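> With the input below, show me the fold.
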Amino acid sequence: MTTFVDTSALLAFVDANDERHRDTVSAWEEALDERLVTHTYVIVELLALIHRRRYQDWSLPKGKLKNGESWQQAALREVLEETGCEALLGEFAGQIDYDVRGTPKRVMFWHMQAVDECQFYPNEEVDAIEWLPPDRALKRLNYAGERALLARWLTDSEKS
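Numbering: from 1, shown residues only. All right, here's what the predicted structure looks like:
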């Protein structure tokens, strides 16, 4: 049986003053010039949810692997295409497996941080984007698998 694979991301900004995010901030300082790092610090944890015109749903950014592309490359590309955000790849966030009309699907998720202001423009696939705090994003997502993944992340975040 063939499994079709999608890739996706939990795209979040982080607060540089929050000790939980010191490792992320340190990585930014190595990867980015100071102007971008300073600019990125302004926004605190918000998740990008996309509204797909075709399905009339709210979901996390996701899409199909292109030939020869790694899961991580596809995740970064899809986030850029669907949100207008260039991002830094973080830790693996988990996966969701489900069937669509008898065809198994797998979606892989990574934590990401946007490195600059996002330049979103509505298009045929994604007509709107919303940046929401995790608790509000949890209520907005249409799919149980994405809600479960986000709920696990929220529970794990509260423990640390």
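> quick one: buried residues of the longest helix that the chain contains?
Selection of the longest helix in the chain by residue count, based on DSSP state H, yields helix 144-159. Using 16 or more other CB atoms under 10 Å as the test for burial, helix 144-159 gives 145, 146, 149, 150, 153. For glycine as for every other residue, the C-beta is placed from the backbone atoms N, C-alpha and C.
> With stretch 67-75 instead?
Buried, per 16+ other CB under 10 Å, within stretch 67-75: 71, 74, 75.
> Where does the second one fall, secondary structure wise?
Take DSSP states H and E as the rule and residue 74 turns out to sit in helix 71-83.
> So which elements touch that helix?
strand 4-11, strand 47-52, strand 62-64, strand 87-100, strand 103-114, strand 126-132 (3 or more CB pairs under 8 Å, 6 or more residues apart in numbering; DSSP states H and E).
> Dump the C-alpha coordinates for stretch 88-101 into PDB.
Taking C-alpha atoms only, stretch 88-101 is exported to PDB below (Å, rounded to 0.1, in the frame of the first residue of the first chain):
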ATOM      1  CA  LEU A  88      14.500  28.300  10.700                       C
ATOM      2  CA  LEU A  89      13.800  24.600  11.300                       C
ATOM      3  CA  GLY A  90      13.600  23.500  14.900                       C
ATOM      4  CA  GLU A  91      12.900  20.200  16.500                       C
ATOM      5  CA  PHE A  92      10.700  17.500  15.100                       C
ATOM      6  CA  ALA A  93       7.200  18.100  16.600                       C
ATOM      7  CA  GLY A  94       5.500  14.800  15.600                       C
ATOM      8  CA  GLN A  95       3.400  13.200  12.900                       C
ATOM      9  CA  ILE A  96      -0.200  12.500  12.000                       C
ATOM     10  CA  ASP A  97      -1.400   9.500  10.100                       C
ATOM     11  CA  TYR A  98      -4.800   9.300   8.500                       C
ATOM     12  CA  ASP A  99      -6.700   8.000   5.500                       C
ATOM     13  CA  VAL A 100      -8.300  10.100   2.700                       C
ATOM     14  CA  ARG A 101     -10.800   8.000   0.700                       C
END
